[in-house]
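Participant: Generate coordinates for the sequence data below:
(chains A and B)
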There are 2 protein chains.
Amino acid sequence: MTKRRSRVSEAVIRRLPKYYRYIYEMKDNGVQRVSSNELGQKMGLTASQIRQDFNCFGGFGQQGYGYNVPELCGEIKKIIGLNRQYNMIVVGAGNLGQALANYSGFEKEGFNIKALFDINPRLLGMSIRGIDILDIDTMKSYTANNPIDIGVICTPKEKAQEVAELLVDCGIKNIWNFAPVDVVLPDDVVVENVHLSDSLYILCYRMATNS
Amino acid sequence: MTKRRSRVSEAVIRRLPKYYRYIYEMKDNGVQRVSSNELGQKMGLTASQIRQDFNCFGGFGQQGYGYNVPELCGEIKKIIGLNRQYNMIVVGAGNLGQALANYSGFEKEGFNIKALFDINPRLLGMSIRGIDILDIDTMKSYTANNPIDIGVICTPKEKAQEVAELLVDCGIKNIWNFAPVDVVLPDDVVVENVHLSDSLYILCYRMATNS
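Facilitator: Got it, this is the predicted structure:
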């Protein structure tokens, strides 16, 4: 299974969350069955693209029937890995770190922020929705006692590399990085970036070429 | 120019902000000159990839010299459209909307949040770093008097489509959407999505296939 998955292309992986979003919503609306044609129309993809994508994971449809929506939803949920809980810590308790901690939506999907870490003495001892802001110097002992799956970097870019290395040092191999910089880490560490300004720049570029 | 740009592939466009980030930092560090080989090594791209990408915009290098860093930085800045100011409004003054308004980094690059809009009576009349939270019902008259380039959607997903249509109705043709849903708008509207949960799902998927 792992072997097959490792051959899945980047483009297909990038589409997985979108599949999940659309199919989850159909399931939520009580839809029982969908053809690759209908799904394609909704998602702006061709039917053959969808069949090809799903074939990367073994394929789920039945010729002449299409897809059973609740089943398909469950399968994609499992493929993404949303059938379990994840413990996260957020490093950097500024605006963005606090906004993430305040947002309860991730929790509902199994992503639990257990603590925030910062260096700012004014923030230490505070808590957000019951989530404590702790001194970054205590991260090692904290993570030794609390298993953490994902480290979230919400620091300024100057601190991001150092924080990323500290997270790895604490045994955290999965990093969600919001700092506008590409952190360099060992190959066995998974890094997913949310570069907000990159996204804004792309919007600008499109704006200029669109007008 | 517009014609040439319109043929630039999605992948090249997606790399533009990364080029800008790396080259801006080199410029900031006083680097005067860089070869496509050196730049490629830093960025994890091949030299020929970099030359190809830059050729989409007319090419900037000189055979045997490489790239003049300050010049290249200025060119990419212009291509992205960062040589001007943008006025933005944020719809949805919850955690994320407030975090964006609190963040001064975008301003430094010419992106000015002029107002936030919400429907929550408890938020109306408040302001964040001097940016007022206004009633969404006043958006039409506000935008009639204040030219706005970019509308930012920070509402729950259930409201995103409606808000997107309202923004377009107010003459705003560039949308930065943080709601976890794909809004459907006329073809001449530019939409750039930041789907945080999509990014988290991709991290999960990689985590599962990595272990």
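Participant: Identify each buried residue in the top helix by length along chain A, please.
Facilitator: As assigned by DSSP state H, the longest helix anywhere in chain A is helix A:10-28. Residues of helix A:10-28 classed as buried by neighbour count (16 or more other C-beta atoms under 10 Å in any protein chain shown): A:12-13, A:15-24, A:26-27. All C-beta spots, glycine's among them, are computed from the backbone N, C-alpha and C.
Participant: Say whether chain B is contacted by stretch A:58-73.
Facilitator: No - judged by C-beta under 8 Å from any C-beta of the partner chain, stretch A:58-73 and chain B are separated, with a smallest distance of 13.4 Å.
Participant: got the contact list for that stretch?
Facilitator: A:4, A:20, A:23-24, A:26-27, A:31-36, A:38-39, A:51, A:54, A:75 (C-beta atoms under 8 Å, 6 or more residues apart in numbering or on different chains).
Participant: returning to that earlier point: out of the buried residues of helix A:10-28, which one sits closest to residue B:97?
Facilitator: Nearest to residue B:97 among the buried residues of helix A:10-28 is residue A:21, at 21.3 Å by C-beta to C-beta.
Participant: Surely that closest one is in contact with residue B:181?
Facilitator: Yes - Residue A:21 is in contact with residue B:181 according to C-beta atoms under 8 Å; the separation is 7.3 Å.
Participant: can I see the domain layout of chain A?
Facilitator: A:2-80, A:86-198 (automatic domain parsing).
Participant: Show me where chain A has its helices.
Facilitator: Under DSSP H, chain A gives helices at A:2-6, A:10-28, A:36-43, A:47-55, A:69-80, A:95-102, A:105-108, A:139-145, A:157-169, A:196-210.
Participant: Tabulate those in CSV, adding columns for mean pLDDT.
Facilitator: Listed next are the helices of chain A as CSV, based on pLDDT from 0 to 100:
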stretch, mean pLDDT
helix A:2-6, 46
helix A:10-28, 94
helix A:36-43, 94
helix A:47-55, 92
helix A:69-80, 95
helix A:95-102, 94
helix A:105-108, 90
helix A:139-145, 98
helix A:157-169, 97
helix A:196-210, 93
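Participant: which of those is buried the deepest?
Facilitator: Among those, helix A:95-102 has the highest mean neighbour count (mean count of other C-beta atoms under 10 Å in any protein chain shown), at a mean of 23.
Participant: How far does that one sit from its chain's centre?
Facilitator: 16 Å (C-alpha atoms, centre = their mean, to the nearest Å).
Participant: Please work out which residues outside that helix touch it.
Facilitator: A:90-91, A:93, A:106, A:113, A:116, A:118, A:128-129, A:131, A:152, A:154, A:178, B:95-96, B:98-100, B:102-103.
Participant: And stretch A:117-125, what's buried?
Facilitator: For stretch A:117-125, by 16+ other C-beta under 10 Å, it's A:117, A:118, A:123, A:124.
Participant: Quick check, residue A:79 in contact with residue A:16.
Facilitator: Yes - between residue A:79 and residue A:16 there is a contact at 6.8 Å, judged by C-beta under 8 Å.
Participant: shared neighbours of those two, anything?
Facilitator: In contact with both residue A:79 and residue A:16: residue B:205, using C-beta under 8 Å, 6+ apart.
Participant: from the buried residues of helix A:10-28, which are also near chain B?
Facilitator: Among those, chain B is touched by A:13, A:16, A:17, A:18, A:20, A:21 when using C-beta under 8 Å from any C-beta.
Participant: Now do the contacts for the second one.
Facilitator: So the one you mean is residue A:16. Residue A:16 neighbours (C-beta under 8 Å, 6+ apart): A:76, A:79, A:80, B:201, B:202, B:205.
Participant: is it true that the fifth one touches residue A:191?
Facilitator: No - with the criterion set as C-beta under 8 Å, residue B:202 and residue A:191 do not qualify as a contacting pair; they are 10.7 Å apart.
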